[in-house]
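[1] the following block contains a protein sequence and its predicted model.
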Amino acid sequence: MAKGRPRHHPIVVLDKKKLAAMSSPHARLSLVDGIFEMIVFQIQTGHLTAGQRLHSVRQLADDCEVSRDTVARAYDKLVAHGHLESRAGSGFYIKQIKHVQPIQDTAATTPLLPAWRRLRLIQPVGERLSTTGLGLLPGDWMDEGSVGGALRSVARATPRALAGYADPLGYLPLRQQIHEKLKGVQILAPVQQIMTTQGASDAIHLVVMSFLSIPGEFVLVEEPGPFMQVDRLMATGLQPVAVPRESDGPNLVALRALCETYHPRFFICSSVLQSPTSTQLAPHKAYQILRLAEEFDLTIIEDDTYSDLMPTMGNLTVTRLASLDQLHRVVYIGSFSKTIAPGLRAGFVCANPDFMERLLVYKTVSQISGSPTVEKAVYQVLSQGGYRHHCAQLRSRLDELRQPVINQLQTIGCTFENLPDAGMYVWATLPGGANAEKIAEAMYAQGHLMAPGMLFSTMEEHRNRMRFNITRTLDSPALPALAELLGT
């Protein structure tokens, strides 16, 4: 060995028989993963320590009687997972792991800023005793078989499909499925007027960034309403203006007055299962809203995120602005994230051709395209025929829970201005004029995640209200804790 050259001993030892057993067809582990697991084990047991150099790719390949490409890929995977580092011209070395002090979750003892309270409902930190405030269905309510099968089917497709950019409008077969789906709610949207998005939030973001570029511009929103809409507007320098939401839709007198005062160009609202109230838009109000839109040159963004949780039969009246207007002044937004899988982030936006042209330009320059993998997986779920049955099951399970949850909330003194007939939320008023925000902070300190009314509205009349996700509320440990704080 040359003088002065550091003495590193290649000491990785791999058992060829054990490697062969690990990577056998019965074990279903590849040779790459077998080498990876064996080296990780030697690191964890101290046989390999920080700074030591491994065999060269060629030497380990010869020792294990595998291809050099297999060893190179195993080494690359070890680098990617932080076990090795590659030094140009020298080889692969066991990486020095720096121990860091774990971050403590002090949220239970430290008052949270309003923005962080909102964030907790999107991405909770740490384990919670209950999550009645979350806007998600339980994980075991998802159709895991269909989703898993769809992902496996997409994974088997050739990787060459990812070699270029996807269509910025989205995967055509998926848009064709959406086109057929929309016909079922009397919205006639050609595929060229449908664009896929990463959920409803992304769809609203595309609209905002494409058309609302004047700082301080006024945008009408419903209150109470989804807090992410307000946050999205304010984050881009826009000024949300509240339109009071009533049991049958927005207050039309207030809507007219606000149009006359602020001359807004856009109004974001929901016709079906509005969050947090789970109320529907009455037909007579729908017609009057469209008349106001024509009179004041107003574009309506109709957020129909919860559409597939709305019963398709029965006595419930369902009126969508887009079905009346046929995308003339209405931009229609939908989502599959609530019903298929929140992590897939799949939604869409439909609009008239002129509107779509501008959306297409913004999406192309900002995102280039969506995720073909996600879109193909969603297409597989929709096209296999089981999605409608899955949604029917979700609605049935929600129907079974709704009244028992209402009964339990009434037992601790909660009242309801409107009892919902569908959807996943109940909008409850706490007894005795209790401050829901302070109650929610106290509950969070005990490990319960709540959704107080002031997250959805700045109006004083909603300070003692809470949104409860019925799928996470029945027999929840939050209820006795809440009753104790309320003194009921």
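    Structure received. Numbers count the residues shown, from 1 in each chain.
[2] can you check the pLDDT for the spatially most central residue of the chain?
    The residue lying closest to the centre of the chain (CA atoms, centre = their mean) is Pro342, at 4.3 Å. On pLDDT, Pro342 comes in at 85.
[3] now do the SS call for the closest residue to it other than its chain neighbours.
    Nearest residue to Pro342, sequence neighbours excluded (CB to CB, 6 or more residues apart in numbering): Leu136, at 5.5 Å. No exception for glycine: its C-beta is placed from N, CA and C like everyone else's. Three-state call for Leu136 (DSSP: H, G, I helix; E, B strand; the rest coil): coil.
[4] over to the one 4 residues further on?
    Here Asp140 takes the helix state, with states given by three-state DSSP.
[5] do I have it right that Ala422 meets Arg395?
    Yes: in this structure, Ala422 is within contact of Arg395 by CB atoms under 8 Å, at 7.1 Å.
[6] which residues do those two both contact?
    Common neighbours of Ala422 and Arg395, using CB atoms under 8 Å, 6 or more residues apart in numbering, are 309-311.
[7] inside strands: which ones of those?
    Among the shared contacts of Ala422 and Arg395, no member falls in strands (DSSP state E).
[8] for the stretch 151-300 of the chain, which segments are assigned as helices?
    172-183, 199-211, 227-235, 252-262, 283-295 (DSSP state H, counting those that start in this stretch).
[9] avg pLDDT for the last one?
    To tie it back to what came earlier, the one meant is helix 283-295. Regarding helix 283-295, the rounded mean pLDDT is 96.
[10] swap in stretch 136-152?
    Mean pLDDT, computed over stretch 136-152, is 88.
[11] hmm, back to that, distance of the residue nearest to the centre of the chain from Leu309?
    For Pro342, the distance to Leu309 equals 14 Å [CB to CB, to the nearest Å].
[12] same deal with Leu449?
    Look at Leu449 and Leu309: by CB to CB, they are 21 Å apart.
[13] ok, Leu344 next?
    For Leu344 relative to Leu309 (CB to CB), the value is 17 Å.
[14] swap in Val208?
    According to CB to CB, Val208 and Leu309 sit 25 Å apart.
[15] go on, Leu382?
    In this view, Leu382 and Leu309 are 16 Å apart by CB to CB.
[16] okay, the two: which has more neighbours?
    Neighbour totals were compared for Leu382 and Leu309, and Leu382 leads with 23 against 20 (other CB atoms under 10 Å).
[17] any regions of the stretch 1-150 of the chain where pLDDT drops low?
    The stretch 1-150 of the chain contains residues with pLDDT under 70 at 1-29, 97-126.
[18] so where do the helices sit in it?
    Applying DSSP H, counting those that start in this stretch to the stretch 1-150 of the chain gives helices spanning 16-22, 31-44, 57-64, 68-80, 114-122, 144-156.
[19] so can I have JSON lines of these showing distance to Met228 and mean neighbour count?
    Shown next, in JSON lines, are these (distance: least, CB to CB, whole Å; neighbours: other CB atoms under 10 Å):
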{"stretch": "helix 16-22", "distance to Met228": "46", "mean neighbour count": "13"}
{"stretch": "helix 31-44", "distance to Met228": "40", "mean neighbour count": "18"}
{"stretch": "helix 57-64", "distance to Met228": "49", "mean neighbour count": "17"}
{"stretch": "helix 68-80", "distance to Met228": "33", "mean neighbour count": "18"}
{"stretch": "helix 114-122", "distance to Met228": "8", "mean neighbour count": "16"}
{"stretch": "helix 144-156", "distance to Met228": "24", "mean neighbour count": "15"}
